[in-house]
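[1] sequence first, then the predicted structure, then my questions.
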Amino acid sequence: MAATITLQNAINFAQAFCQLRPLTGVGGITNEPALTIANQVKQFILGAPFAWRWNRASVSFTTVAGTQDYAQAVSDLGWLEKASVKDSNGNEFEIDLKLVLSKSSEQSQPQHVAAQLDDNAGNVTFRLLPVPDGVYTVTLTYQKKATLFTELTGTWAPIPDELSYLYQKGFLAMALELADDPRAGFETQLFLRQVIAANAGLKDSEKNIFLEGRLVNERQQQGELLGVQQGRASRGA
């Protein structure tokens with residue numbers, strides 16, 4: 001089912017918990033800070049290391065013997081999840097993902113692949129190592145990057161409506177943080193835990209490492225905020 005919940009819906013929800021503070025037109029800037037908040041929340045949910053079945057796509061290309069780099073039109077590439085090569089006999093093998101690979105003249109069946117270059121115009125160059133020694137079909141499975149909001153009527157696609165509680169919680173947390181509301185820390189922690197719990201692509205160890213790092217940072221920020229608030233109170237501000 002296509003996503004139907006809009007950014008305006010999330011704004012209405014958040015304002016009910018923020019004493020109806022305005023989230024659009026603040027400082028005379030159209031649709032801000034709502035647009036920026038929504039885009040940051042959407043990019044977080046769809047960013048690495050979170051892998052979602054409804055945000056997955058693939059691209060394939062055929063190699064040429066002696067050619068290491070392959071430019072492909074992949075305008076929605078977020079990050080690579082898996083990769084495989086199939087030889088001329090139909091045998092298919094998984095290969096390793098790398099952040100970057102060096103130039104090489106060694107030729108053999110490819111064992112590694114990297115999204116080497118991105119021209120920010122929808123074209124990504126993938127580099128293989130070793131350099132292909134023949135014709136192979138390379139298939140790359142990836143998570144798509146977030147499409148940004150440009151208006152309040154935009155939907156949260158590709159995030160499905162049944163996961164609306166994730167972005168609504170994230171939007172509320174950031175709205176409270178901008179208002180220096182002490183509830184921001186709790187809502188942020190709940191948002192992080194819910195996103196991790198909803199994601200099936202992370203191992204338990206990865207979840208613990210990611211969550212602990214984010215929560216430590218959040219606790220530090222809340223401690224600094226509390227110190228500022230106590231300082232103001234002691235001065236009668």
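    Sure, I can see it.

[2] so what touches the longest strand seen in the chain?
    Longest strand of the chain, by residue count under DSSP state E: strand 77-86. For strand 77-86, the external contacting residues (Cβ atoms under 8 Å, 6 or more residues apart in numbering) are 46-48, 51, 55-56, 59, 63, 92-97, 109-110, 113, 115, 118, 124, 136-146, 201. Where C-beta positions appear, they are placed from N, C-alpha and C, glycine not excepted.

[3] and it, what's buried?
    If you call a residue buried by 16 or more other Cβ atoms under 10 Å, then strand 77-86 has these buried ones: 77-81, 83-86.

[4] identify the farthest-apart pair in the residues you listed.
    Spatial extent of the buried residues of strand 77-86 (Cβ to Cβ) is set by the pair 78 and 86 at 24.0 Å.

[5] who touches the helix or strand hosting residue 58?
    For residue 58, the host element (DSSP states H and E) is strand 56-62. Strand 56-62 is touched from outside by 70, 72, 74, 76-77, 81, 126, 135-144, with contacts defined as Cβ under 8 Å, 6+ apart.

[6] where exactly do the strands run in this protein?
    Using DSSP E, strands in the chain cover 56-62, 69-73, 77-86, 92-94, 96-98, 107-108, 112-118, 123-129, 131-132, 137-144.

[7] summarise which helices and strands the second one is packed against.
    This points to strand 69-73. The contact analysis (3 or more Cβ pairs under 8 Å, 6 or more residues apart in numbering; DSSP states H and E) places strand 69-73 against strand 56-62, strand 123-129.

[8] got the contact list for the residue nearest in space to the middle of the chain?
    Centroid-nearest residue in the chain, with Cα atoms, centre = their mean: residue 47, separated by 1.3 Å. Applying Cβ under 8 Å, 6+ apart, we find residue 47 in contact with 78-79, 146.
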